[in-house]
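> following is a predicted model, sequence given first.
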Amino acid sequence: MNKTRLLLAGLLLVIVLVMGLATGLFAARLLGPPPSPRPLNTATVLTQVQGLAQLVTVKYVMEKVVVLEDVKFYGENRVLLVAHGVVKAGVALAKVKPGDIRIRGQKIVFTLPPATLTDAYLDEDQTQVIEQSTGVLRRFDKDLQQKARAQGLEEIRRAARKSGILEDASERASQQLQFLLHQLGFEEVEIRRP
């Protein structure tokens, strides 16, 4: 009786193994061969990265108070303006050259171009002329307000640079490129910044 049980258990084990093997072979045929990894070379990566063209990564919103006076001996023109500006920075990926990319197996070393200001403008809905005065003997200077706006925008650009917008843009571009290159299949990604 023990021999019969042992023989039945062995036979059952063989049947389970044969069914498992048959199921595995059937599933492998059904799913097909695994996709072969696409070769990653410098030209492929360069095309993918340059396709992004301009990677804008940081936007600063700033305000500056501008006082502009045009004083003559017979009177003055004066403008007091609160300039509300937007400054954007990023990396021009279209400038990436083949020499900026080195691929060794599943590792890539990518040299990032320097970050630049991509856009700076005044938000006209938020920019306000607080005061504009013209002396009694002076004519209204229509260009004074435009000069104040231009000065405000330039001061906002300078303040954004001083606050580190270019460093922030470079750091964020580095993070986003690292993510993209991992998505392309690289296991090890090294981003070098200028």
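Everything's here; your move. Numbers count the residues shown, from 1 in each chain.

> report the residue ranges of every domain in the protein.
1-36, 37-192 (automatic domain parsing).

> pLDDT on the longest one, on average?
Meaning domain 37-192. The average pLDDT for domain 37-192 rounds to 82.

> can we start the residue count at 352 from this point?
All set: I'll call the first residue 352, so the last point we hit is now domain 388-543.

> could you double-check that K458 sits in contact with G536?
No. K458 lies out of contact with G536 (CB atoms under 8 Å); the separation is 11.4 Å. C-beta: built from backbone N, CA, C; applies to glycine.

> confirm M413 sits in a strand?
Yes. Membership of M413 in a strand is supported by DSSP: H, G, I helix; E, B strand; the rest coil.

> contacts only, for it.
M413 is in contact with H435, G436, V438, I507, A510, A511, counting by CB atoms under 8 Å, 6 or more residues apart in numbering.

> any idea how far E505 is from K410?
Relative to K410, E505 is positioned 18 Å away (criterion: CB to CB, to the nearest Å).

> can you check A524 too?
For A524 relative to K410 (CB to CB), the value is 13 Å.

> ok, these two, which is more surrounded?
A side-by-side neighbour count of A524 and K410, using other CB atoms under 10 Å, places A524 first with 25 against 16.

> that one - nearest residue in space that isn't next to it in sequence?
V442 (4.2 Å; CB to CB, 6 or more residues apart in numbering).

> and the helices in this structure?
353-382, 393-401, 493-513, 516-534 (DSSP state H).

> hang on, isn't L528 packed against F461?
Yes. In this structure L528 lies within contact range of F461 using CB under 8 Å: 6.3 Å.

> I figured V412 hits A471, correct?
No. Judged on CB under 8 Å, V412 makes no contact with A471 at a distance of 11.2 Å.
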